[in-house]
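Student: I'd like to go over a predicted model; first the sequence, then the structure.
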Amino acid sequence: MREAATRNRGLFALWIAVLTLISPPTLAAAQSTHESALIQLLHSNTAEARARAAELLRGARSDEARDALVIAVRDPDAGVRAAAAMSLGTMGGAAAVAALAGALRDPDLHVRAAAAAAISTMRHRHR
């Protein structure tokens, strides 16, 4: 499992390195494609893949990414919910705030903590 995670991080780092060599218009299209793939990965059968996709969507700016993360905050797996909450904290918007407010009542302590941290991040970013 650890080897796969290390390999995935390496592939992601390589992908980012390639993206830095691409011109800005092409980079925007590549980022959009990458973001779309991550959104699709939020529907994976494995919780680990869904959680990683939610983590990698942190900082995304599209409405589609935010909407997908709002749904992911209600995932059956607590790890996915926590990762989605943290990513929503970088986005802002009424839908993200409402999802995080709901996550503050999650039965899992880690999800509640992630939601609280995400709300704090939003507050500091939008001062």
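Tutor: Nice, thanks for sending it over. Since this is a predicted model, take the numbers as computed values, not measurements.

Student: Can you pull the phi and psi angles for the residue lying closest to residue 78 once chain neighbours are set aside?
Tutor: Sequence neighbours aside, residue 108 is the residue nearest to residue 78 in space, at 4.0 Å (criterion: C-beta to C-beta, 6 or more residues apart in numbering). (C-beta placed from N, C-alpha, C; glycine too.) Phi and psi for residue 108, reported as degrees, to the nearest 10, are phi -90, psi 130.

Student: oh, and call the first residue 355 from now on, that's how I've got it
Tutor: Got it, first residue is 355 now, which makes that one residue 462.

Student: now residue 462: how far from residue 448?
Tutor: Counting by C-beta to C-beta, to the nearest Å, the separation of residue 462 from residue 448 is 24 Å.

Student: Quick check: buried residues in the host helix or strand of residue 478?
Tutor: Counting by DSSP states H and E, the secondary-structure element that holds residue 478 is helix 463-479. Residues of helix 463-479 classed as buried under the neighbour-count rule (16 or more other C-beta atoms under 10 Å) are 465, 466, 467, 468, 469, 472, 473, 475, 476.

Student: Switch those residues over to TSV; also include distance to residue 444 and pLDDT.
Tutor: TSV is the format used below for these (distance: C-beta to C-beta, whole Å; pLDDT from 0 to 100):
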residue	distance to residue 444	pLDDT
465	17	98
466	18	98
467	16	98
468	12	97
469	13	97
472	8	95
473	12	95
475	7	88
476	8	88
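
Student: rewinding a little: run the chain-centre distance for the helix holding residue 478.
Tutor: The chain centroid and the centroid of helix 463-479 are separated by 14 Å, computed with C-alpha atoms, centre = their mean, to the nearest Å.

Student: What of stretch 419-432?
Tutor: Stretch 419-432 sits 9 Å away from the centroid of its parent chain (C-alpha atoms, centre = their mean).

Student: where are the low-confidence patches of this protein?
Tutor: 355-386, 480-481 (pLDDT under 70).

Student: All the helices of it, in order from the start?
Tutor: Applying DSSP state H to the chain gives helices spanning 356-374, 378-395, 401-410, 417-426, 432-442, 448-457, 463-479.
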